[in-house]
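K.L.:
build me a model from this:
(one chain, ligands or ions: 2)
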Amino acid sequence: MDALWMVSPLLLVPLLLWTSSTFTFYFKKFFYVAWMMFLALLAIPMSVVKSGGRDIENMRIIRFLVRHVKYLLGLQIEVSGQEHLQLQGPYVIISNHQSSLDVLGMMEILPDRCTTIAKKELIYAGTVGLICWLGGIVFINRKKTSDAKNVMCDAAKTMLEDQIRLWVFPEGTRNQQGDLLPFKKGAFHLAVQAQVPIIPVVFSSYNSFYHRKEKQFNSGTIRLKILPKIETKGMSSDDVSSLADKSYQVGTSS
Ligand SMILES: CCCCCCCC/C=C\CCCCCCCC(=O)SCCNC(=O)CCNC(=O)[C@H](O)C(C)(C)COP(=O)(O)OP(=O)(O)OC[C@H]1O[C@@H](n2cnc3c(N)ncnc32)[C@H](O)[C@@H]1OP(=O)(O)O
Ligand SMILES: CCCCCCCCCCCCCC(=O)OC[C@@H](O)COP(=O)(O)O
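P.N.:
Ligands and ions are numbered 1, 2, ... in the order given. The predicted model follows:
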């Protein structure tokens, strides 16, 4: 009996941990990474069986496998402007980039035959790196910008030859401040070189449910706003700066 009295307060420890929001924060973050690694592990053989290797069609598998993850984290995703994605042929999607959670919103609206541009370090992220490669993600070396530009010039050609859509984060890095960093030019050169429209997508700030400093990761809603296309037909490299400025205005005002 005495022993039981000793033990029972100890049983409260996991309960207290469970209810502590700091614990929830770390648990959700750990769970997210671990679950994505596991899903990637499932997606790798599925992709190899379906396409035999690196192929944009594998993005369908990734999209399908990722769509339930929001529920596991207590998140809802609301999309507006879905009709703006109903375009034939290739285009460039640009969006703000807050954190790795962006993948959830991305997979919610990812059109067919659409992949993304990412920093090359992502390829070393274990199973996630491998599935990114299998999904046709275009890797760039941000430290060697001349290489990055060459890769993106090639991507402009491939987009047209293979009827591919590309999602680019024009800020070029993550930014959780709820505003937009200055845009880099790559996404706009890409769209102009391929003469395809740009579709801006705005992710709402995660600050309503996620606070890195305060260690809070609550339930919440991610709002995705798909905006009308911006045409680039007839533009040349001289127009890239004004196109980037215009897109930045559109992004900050919505
Ligand atoms: C079931 C599976 C479960 C697992 C789940 C896994 C799911 C996976 C699926 C999906 C997840 C994916 C999630 C990915 C998330 C990752 C996101 C990232 O990694 S974001 C970082 C990388 N992306 C970028 O950085 C792009 C944006 N950056 C650019 O476009 C830059 O422009 C860049 C890198 C090409 C060059 O950067 P600069 O730092 O040199 O800056 P600048 O000012 O743009 O360029 C300098 C000069 O070069 C010209 N320039 C730039 N690009 C050019 C080009 N293509 N052609 C000609 N000139 C160009 C510019 O006009 C500028 O010249 P003038 O100042 O105007 O004279
Ligand atoms: C050991 C690695 C574990 C990897 C677990 C991955 C779980 C989720 C997969 C999402 C991939 C999204 C990657 C991402 O969002 O990368 C960040 C870069 O865009 C920009 O980063 P930086 O701040 O500019 O370096």
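K.L.:
quick one, helices of the stretch 51-200 of the chain?
P.N.:
Taking DSSP state H, counting those that start in this stretch to define them, one finds helices in the stretch 51-200 of the chain at 58-66, 69-72, 102-109, 126-134, 145-162, 186-194.
K.L.:
so what touches the second one?
P.N.:
Right, helix 69-72. Outside of helix 69-72, the residues that reach it under the criterion Cβ atoms under 8 Å, 6 or more residues apart in numbering are 31-32, 35-36, 39, 76-77, 104, 108, 222. C-beta: built from backbone N, CA, C; applies to glycine.
K.L.:
do you know how far whatever residue of the stretch 101-250 of the chain ends up closest to ligand 1 is from Gly126?
P.N.:
As assessed by Cβ to the nearest ligand atom, ligand 1 sits closest to Gly186 within the stretch 101-250 of the chain, at 1.9 Å. Gly186 sits at a distance of 27 Å from Gly126 (criterion: Cβ to Cβ, to the nearest Å).
K.L.:
only alpha carbons, please: show the helix or strand harbouring Ala244 as PDB.
P.N.:
For Ala244, the enclosing helix or strand under DSSP states H and E is helix 240-252. Backbone C-alpha positions of helix 240-252 (Å, rounded to 0.1, in the frame of the first residue of the first chain) are rendered in PDB as follows:
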ATOM      1  CA  VAL A 240      11.900  41.300 -64.900                       C
ATOM      2  CA  SER A 241      12.500  44.000 -62.200                       C
ATOM      3  CA  SER A 242       9.200  45.700 -62.700                       C
ATOM      4  CA  LEU A 243       7.500  42.200 -62.900                       C
ATOM      5  CA  ALA A 244       9.100  41.300 -59.500                       C
ATOM      6  CA  ASP A 245       8.000  44.700 -58.000                       C
ATOM      7  CA  LYS A 246       4.500  44.300 -59.300                       C
ATOM      8  CA  SER A 247       4.300  40.700 -57.800                       C
ATOM      9  CA  TYR A 248       5.600  42.000 -54.500                       C
ATOM     10  CA  GLN A 249       2.900  44.700 -54.400                       C
ATOM     11  CA  VAL A 250       0.200  42.100 -55.100                       C
ATOM     12  CA  GLY A 251       1.600  39.900 -52.400                       C
ATOM     13  CA  THR A 252       1.900  42.600 -49.700                       C
END
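K.L.:
run through who's touching that helix.
P.N.:
Outside helix 240-252, the residues that touch it by Cβ under 8 Å, 6+ apart are 94, 96, 170, 179-180, 182-183, 185, 187-189, 191-192, 198, 200, 202, 227, 230, 232, 235.
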